[in-house]
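Peer 1: Quick one, structure for this:
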Amino acid sequence: MDITPDGASRAADAANIISEFVAHEQVCTLSDLQRALFGFSATKKQLNVNTTRHPKYNSITSQVQGQPEARVFQTIVEQFFHLEVEKDCLTTAGKRPTQKLTILIEDASTNCALNAMYTRKVLDQHGNTSPCSIVVAQDPTMCRRTVAAFEQVYSDKMDDTPVFAGWPTFVPRVAAQDSRAQNQAGGLTSYLRYDIDEFDKNQNGGLWSMERLMSLLVGEIPRMRDNENGYGPRGKGSIVHVDIPQDVEDSWIILGDTLGQKMR
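Peer 2: This next block holds a predicted model:
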């Protein structure tokens with residue numbers, strides 16, 4: 001379809017509404033983070049690519065190639081931050097930690113639901129059967145869904161359920177390109193650019209391609225729906241019910257129609 005400047009601007013606004021919703025940013029400051037524990041999660045392929053491109057972490061590329069994302073983070077915190085990672089998976093009576101921060105590894109999960117399930121298993125094995133709070137650090141395009149997966153996994157706790165918070169670390173936002181940079185043949189994504197206040201132009205190189213970001217945003221909403229095709233209780237049952245605001249649903253239609261796609 002032909003893309004007009006107004007159409008590109010509307011699509012950018014729609015993408016930003018969806019992005020803010022799925023990012024579920026609840027941790028914005030250091031004081032927010034200090035209120036809870038934290039965990040890591042990411043997309044393995046993108047993490048490996050970004051490690052290779054990073055001016056500092058690229059030195060470990062050969063060590064972490066093909067490794068689960070948890071092992072990539074383990075290598076980073078050990079070699080660059082000099083933190084110790086627990087090597088055994090069970091608590092040891094009388095063992096005294098040498099640092100205030102204990103790092104545990106869960107490297108078997110392949111999706112958000114398993115990430116939540118296996119993380120609870122690891123925490124249980126270390127005696128953390130009733131954590132007070134859990135901060136989920138996750139790719140901003142799937143942070144809300146991952147938090148919902150953790151809420152589902154701990155739903156049996158009833159009155160002892162942990163307090164969950166999403167920490168996407170940033171929220172990707174886009175804007176319409178200057179008309180001189182637009183390429184009609186390239187479709188909608190050639191009309192868009194990243195517009196993240198905290199980032200300079202050099203940092204944008206480590207982000208998704210615009211095509212990939214749009215695909216992720218459009219594909220995320222159907223997953224969070226509570227119907228037979230979604231991941232909610234009426235579907236796969238891997239996440240708790242998530243209320244999707246009408247403006248997000250409307251934005252999903254606008255963005256999907258402009259892109260000509262509805263699924264990731």
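
Peer 1: Distance of Asn16 relative to Phe80?
Peer 2: 33 Å (CB to CB, to the nearest Å). (Glycine included, C-beta is placed from N, CA and C.)

Peer 1: got it, and Glu20?
Peer 2: Separation of Glu20 from Phe80 (CB to CB): 31 Å.

Peer 1: Of those two, which one has the most company?
Peer 2: Comparing Glu20 with Phe80 by other CB atoms under 10 Å, the one with more neighbours is Glu20, at 18 against 12.

Peer 1: what residues are up against the more buried one?
Peer 2: Contacts for Glu20 (CB atoms under 8 Å, 6 or more residues apart in numbering) come out as Val171, Arg173.

Peer 1: Name the spans of the protein whose pLDDT lies under the cut-off.
Peer 2: Counting by pLDDT under 70, the chain contains low-confidence ranges at 1, 30-46, 86-100, 179-186, 201-204, 261-264.

Peer 1: Now do the strands in it.
Peer 2: 37-40, 133-137, 163-167, 174-176, 192-194 (DSSP state E).

Peer 1: The fourth one pairs with which strands, parallel or anti?
Peer 2: Pointing back at strand 174-176 there. Strands that pair with strand 174-176, judged by DSSP bridges, come out as strand 192-194 (antiparallel).

Peer 1: So what touches the partner strand?
Peer 2: Residues contacting strand 192-194 (CB under 8 Å, 6+ apart): 8, 11-12, 15, 172-177, 181, 204, 207, 210, 214.

Peer 1: Please state the offset of that strand from the chain centre?
Peer 2: How far strand 192-194 lies from its chain's middle: 20 Å, per CA atoms, centre = their mean, to the nearest Å.

Peer 1: again, but for stretch 218-229
Peer 2: Worked out by CA atoms, centre = their mean, stretch 218-229 lies 16 Å from the chain centre.

Peer 1: same deal with stretch 188-201?
Peer 2: Computed by CA atoms, centre = their mean, the chain-centroid distance of stretch 188-201 equals 19 Å.

Peer 1: For that stretch, list every residue counted as buried.
Peer 2: Neighbour counts over stretch 188-201 (16 or more other CB atoms under 10 Å) mark Leu188, Thr189, Ser190, Tyr191, Leu192, Arg193, Tyr194, Phe199 as buried.

Peer 1: Now do the end-to-end distance for stretch 58-71.
Peer 2: Stretch 58-71 has an end-to-end distance of 15 Å (CA to CA, to the nearest Å).

Peer 1: Phe164 reaches Gln152, doesn't it?
Peer 2: No - Phe164 is not in contact with Gln152 according to CB atoms under 8 Å; the separation is 10.6 Å.

Peer 1: quick one on the thing from earlier: what would the buried residues of stretch 188-201 look like in CSV with distance to Asp2?
Peer 2: Output for these, formatted as CSV (distance: CB to CB, whole Å):
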residue, distance to Asp2
Leu188, 11
Thr189, 15
Ser190, 13
Tyr191, 11
Leu192, 16
Arg193, 20
Tyr194, 24
Phe199, 31
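
Peer 1: Which of these sits closest to Thr29?
Peer 2: Using CB to CB, Phe199 is the member of the buried residues of stretch 188-201 that lies nearest Thr29, at 17.9 Å.

Peer 1: for the closest residue to the closest one other than its chain neighbours, what are its contacts?
Peer 2: Nearest residue to Phe199, sequence neighbours excluded (CB to CB, 6 or more residues apart in numbering): Phe170, at 7.5 Å. By CB under 8 Å, 6+ apart, the contact list for Phe170 reads Pro140, Ile196, Glu198, Phe199.

Peer 1: any idea how far Arg10 is from the closest residue to Glu198 other than its chain neighbours?
Peer 2: Counting by CB to CB, 6+ apart, Glu198 lies nearest to Phe170, which is 6.0 Å off, once chain neighbours are set aside. In this view, Phe170 and Arg10 are 23 Å apart by CB to CB.

Peer 1: circling back to that earlier point, can the contacts of Phe170 go into TSV with extra columns for distance to Asn229?
Peer 2: Compiled in TSV, the contacts of Phe170 are given as follows (distance: CB to CB, whole Å):
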residue	distance to Asn229
Pro140	23
Ile196	32
Glu198	35
Phe199	35
